[in-house]
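In: Have a look; sequence and predicted model below, questions after that.
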There are 2 protein chains.
Amino acid sequence: MYQIGVDIGGTNIKIGLVDDSLEIVSRASIRFPHESARLVVEAFSAAIRDVLAKKGAAEKELGSIGIVVPGSISPDGASVIDAYNLDFHNVPLRALTQAQFPGIPVFLANDANGAALAELVKGAFVGCRTAVLFTLGTGLGGGLILDGKMFNGGMNQGVELGHAYLVDGGEACTCGNRGCMEAYCAASALAREGAREMRACHDSLLYIRAGGKEQRVDAKLVTDCAKEGDEAAKRAFDTYLGHLSSACASMFNILDPEVLAIGGGLCAAGDFLFGPLQSLVTEKCFYKTRGKVVPAVMGNDAGIIGAAMLKMDAERH
Amino acid sequence: MYQIGVDIGGTNIKIGLVDDSLEIVSRASIRFPHESARLVVEAFSAAIRDVLAKKGAAEKELGSIGIVVPGSISPDGASVIDAYNLDFHNVPLRALTQAQFPGIPVFLANDANGAALAELVKGAFVGCRTAVLFTLGTGLGGGLILDGKMFNGGMNQGVELGHAYLVDGGEACTCGNRGCMEAYCAASALAREGAREMRACHDSLLYIRAGGKEQRVDAKLVTDCAKEGDEAAKRAFDTYLGHLSSACASMFNILDPEVLAIGGGLCAAGDFLFGPLQSLVTEKCFYKTRGKVVPAVMGNDAGIIGAAMLKMDAERH
């Protein structure tokens, strides 16, 4: 039996055909058409048929179609309530997709939840009962594994780890509150700290490489300059590490997970990030025997694999 | 069948005989003897026999003895690792108790976990799958119900909700970090805010009633003065409410519980606390449809009832 995983992003839609050994055996990527939801569904449905055809597989060999989106799903799993990057609001995505593939069950999930599920089935969380995923990008996406299953909130309304407070009253967050984890731990927060240091220090590597232009300071530039020993970049990186380690320690103190994995482009910093991060987290946790902080391993395929495993996860609940 | 619940505190030990309808049918309270753990066990074991005798019940009618302590329990459930108020460190409390009552199973838990379990079996969490308890006193004790069961951490090392960050880098906490939820949301934090306002405002009700003495400003005085309209006390109360609502919103955004209950003496403030608190929490939550904030209802019996239910909870896991 095959499962289809669909990972809808604001730029591309990735489609993968996943076999029983959890390998992606056929795949496609199409541009996200900024059109009506119906046309979006038609576009990825055509791509699903292409992916099947490339492998020579028939629709009746499909066990399910799973779809992950960067947004919130209704508690009944039928609709996307809000996915701002897709301009999807109260879209009955399950029914629209099922109309294209009669008889094949369709499952929806938030993409961060899907990524956590992918880590559980073949990544950093294999064998775990309790685990936390932070995905650091423009925002902080988060997923929880509880009792060996994907957790979508006690009332099935989704988890929003990025909007737990870290510095109540602090930096403004996109959600309207001040001081969320996201406002201090997203990759964009590292860029913000870097830009601050650049403005204050005109002979820094940061200033030179960015040509004094704030919008050219991104998380990678700050990390690269810090690695090369630039003092301004190191200050920005340390400030960021301080907050990220506090956010991790909070999750360890609340849930005592076996593993907390960090995904997103920042992971490429490797030991330069994870070495000091683990030390700070251990120091800040209430019990020194809390679990480990590790890089997420599923990378760009997390969405497809997580989506393809939604049926299996639903059957466990 | 009866169960015995023992609630060990730094001042008193409370013992209750609990029947199948979860009523305490016989009870005792003894002073906590600041002696060796062995003598403590002998003291409450004698009290257990008294409680049984008062009801005319035999030891063979006992299904279990459950004990809750203000401290951390080893992952195997056999020992108290640290309970500072009791001066218990690596005490094999299960074995010591079992030696007094051969053949009767003994269970240990942290008292905040036990209180959450008591709310689940006959209090504010009846029927809930996911719930959060904050007990506000000198510290912030917390307990989680996940999947309809008491949750003691993913690695069975306990949860320490009070030591999740709320204002990273802020007020010093007893744990050594700065800015924990406990440092802003414990009842003692309200007293601290009140003392600050009193020092700044010598014609406040706070100043007059406390005679200008900081140590006389406690959470109840601040609440009473705020209720009577004193501006300084209201500022302190509002500052406290702002932080407590942020801590609650964090828990809703992380776990999406059906209910978050608040226990401790502050609950006596009733609607004066819970009215504005619910409004602030709803405003701060990522989804306005998050669950409710309610007073805990088990009060002083929470420890006994929770302890008595530990065997039943263990059988569910």
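Out: Structure's in. What do you need? Residues are numbered from 1 along each chain as shown, chains lettered A, B, ... in the order given.

In: near chain B, which residues of the stretch 101-250 of chain A show up?
Out: The interface of the stretch 101-250 of chain A toward chain B, taken as Cβ under 8 Å from any Cβ of the partner chain, is made up of A:128-131, A:144, A:146-147, A:152-161, A:163-170, A:175, A:177, A:179, A:184, A:242-243, A:246-247, A:249-250. (C-beta placed from N, C-alpha, C; glycine too.)

In: Any figure for the gap between the residue of the stretch 201-317 of chain A at minimum distance from chain B and residue B:242?
Out: Residue of the stretch 201-317 of chain A nearest chain B, by Cβ to the nearest Cβ: residue A:256 (2.8 Å). Residue A:256 is 28 Å from residue B:242, where distance means Cβ to Cβ, to the nearest Å.

In: Please say which of these two ends up with more neighbours.
Out: Under the neighbour definition other Cβ atoms under 10 Å in any protein chain shown, residue A:256 and residue B:242 were set side by side, and residue A:256 has more, 25 against 15.

In: tell me the contacts of the more buried one?
Out: Applying Cβ atoms under 8 Å, 6 or more residues apart in numbering or on different chains to residue A:256 gives the contacts A:130, A:287, A:290, A:291, B:152, B:153, B:154, B:155, B:156, B:157, B:158, B:159.

In: Phi and psi next, for it.
Out: Summarising the backbone geometry of residue A:256 under the convention degrees, to the nearest 10, its torsions are phi 50, psi 50.

In: So the nearest residue to it once chain neighbours are set aside: helix, strand or coil?
Out: Leaving out its chain neighbours, the residue that sits closest to residue A:256 by Cβ to Cβ, 6 or more residues apart in numbering or on different chains is residue B:153, at 2.8 Å. Three-state secondary structure (criterion: DSSP: H, G, I helix; E, B strand; the rest coil) places residue B:153 in coil.

In: Report the buried residues of the helix ranked longest in chain A.
Out: Identified as the longest helix of chain A according to DSSP state H is helix A:231-255. For helix A:231-255, the buried set under the neighbour-count rule, 16 or more other Cβ atoms under 10 Å in any protein chain shown, comprises A:232-237, A:239-241, A:243-255.

In: again, but for stretch A:93-104
Out: By neighbour count, with 16+ other Cβ under 10 Å as the criterion, the buried positions of stretch A:93-104 are A:93, A:94, A:96, A:97, A:98, A:100, A:101, A:104.

In: closest to residue B:204 among those?
Out: residue A:93 (57.2 Å; Cβ to Cβ).

In: okay, now the domains of chain A?
Out: Following automatic domain parsing, one finds the domains of chain A at A:2-118+A:300-316, A:127-296.

In: Return the distance of the helix or strand containing residue A:279 from the chain's centre.
Out: In this structure, residue A:279 is located in helix A:271-284 according to DSSP states H and E. Between the centre of helix A:271-284 and the centre of its host chain there is 21 Å, according to Cα atoms, centre = their mean, to the nearest Å.

In: what do you get for stretch A:100-116?
Out: Between the centre of stretch A:100-116 and the centre of its host chain there is 16 Å, according to Cα atoms, centre = their mean.

In: got it, and stretch A:125-134?
Out: Once both centres are worked out by Cα atoms, centre = their mean, stretch A:125-134 turns out to sit 14 Å from its chain's centre.

In: Is it correct that residue A:82 falls within a strand?
Out: Yes - when three-state DSSP is applied, residue A:82 is found to be in a strand.

In: Just the helices from the stretch 51-200 of chain A, written as ranges.
Out: Taking DSSP state H, counting those that start in this stretch, the helices of the stretch 51-200 of chain A run over residues A:93-100, A:111-122, A:181-185, A:187-200.

In: is it possible to export the ones you listed to a markdown table including distance to residue A:296 and mean pLDDT?
Out: Written out in a markdown table, the entries for the helices of the stretch 51-200 of chain A read as follows (distance: least, Cβ to Cβ, whole Å; pLDDT from 0 to 100):
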| stretch | distance to residue A:296 | mean pLDDT |
| --- | --- | --- |
| helix A:93-100 | 26 | 98 |
| helix A:111-122 | 6 | 97 |
| helix A:181-185 | 14 | 97 |
| helix A:187-200 | 14 | 96 |
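
In: could I get the ones you listed as a markdown table with distance to residue A:217?
Out: Shown next, in a markdown table, are the helices of the stretch 51-200 of chain A (distance: least, Cβ to Cβ, whole Å):
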| stretch | distance to residue A:217 |
| --- | --- |
| helix A:93-100 | 37 |
| helix A:111-122 | 26 |
| helix A:181-185 | 17 |
| helix A:187-200 | 4 |
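
In: of those, which approaches residue B:268 most closely?
Out: With Cβ to Cβ as the measure, helix A:181-185 is the member of these nearest residue B:268 (33.2 Å).

In: what's the closest one packed up against?
Out: Using 3 or more Cβ pairs under 8 Å, 6 or more residues apart in numbering or on different chains; DSSP states H and E as the contact criterion, the elements in contact with helix A:181-185 are strand A:140-146, helix A:231-255.

In: orientation of the last one relative to helix B:231-255 in degrees?
Out: Which is helix A:231-255. For the pair helix A:231-255 and helix B:231-255, the angle between their directions (axes from the mean of the first three to the mean of the last three Cα atoms, to 10 degrees) equals 80 degrees.

In: and helix A:231-255, average pLDDT?
Out: Here the mean pLDDT over helix A:231-255 is 98, rounded to a whole number.

In: After that helix, which helix or strand is next?
Out: Moving on from helix A:231-255 towards the C-terminus, the next helix or strand you reach (DSSP H and E) is strand A:259-263.

In: That next one pairs with which strands, parallel or anti?
Out: Counting by DSSP bridges, the strands paired with strand A:259-263 are strand A:131-136 (parallel), strand A:292-295 (parallel).

In: Are there helices or strands packed against the strand or helix carrying residue A:4, and which ones?
Out: Secondary structure here is read from DSSP H and E; on that basis residue A:4 sits in strand A:2-8. Contacts defined by 3+ Cβ pairs under 8 Å, 6+ apart place strand A:2-8 against strand A:12-18, helix A:37-55, strand A:62-69, helix A:111-122, helix A:302-308.

In: how about the fourth one as PDB, C-alpha atoms only?
Out: Which is helix A:111-122. Once non-C-alpha atoms are left out, helix A:111-122 reads as follows in PDB (Å, rounded to 0.1, in the frame of the first residue of the first chain):
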ATOM      1  CA  ASP A 111       2.800  21.300   9.100                       C
ATOM      2  CA  ALA A 112       4.700  21.600  12.400                       C
ATOM      3  CA  ASN A 113       2.600  18.700  13.800                       C
ATOM      4  CA  GLY A 114       3.300  16.800  10.700                       C
ATOM      5  CA  ALA A 115       7.100  17.400  11.000                       C
ATOM      6  CA  ALA A 116       7.000  16.100  14.600                       C
ATOM      7  CA  LEU A 117       5.200  13.000  13.300                       C
ATOM      8  CA  ALA A 118       7.900  12.500  10.600                       C
ATOM      9  CA  GLU A 119      10.600  12.700  13.300                       C
ATOM     10  CA  LEU A 120       8.700  10.100  15.300                       C
ATOM     11  CA  VAL A 121       8.300   7.500  12.500                       C
ATOM     12  CA  LYS A 122      11.900   7.800  11.100                       C
END
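
In: okay, the angle between that helix and strand A:259-263?
Out: Relative orientation of helix A:111-122 and strand A:259-263, computed by the same axes, to 10 degrees: 120 degrees.

In: So which elements touch helix A:111-122?
Out: Using 3+ Cβ pairs under 8 Å, 6+ apart as the contact definition, the elements that helix A:111-122 packs against are strand A:2-8, strand A:62-69, strand A:131-136, strand A:140-146, strand A:149-151, helix A:302-308, helix A:310-316.

In: All good on my end, thank you.
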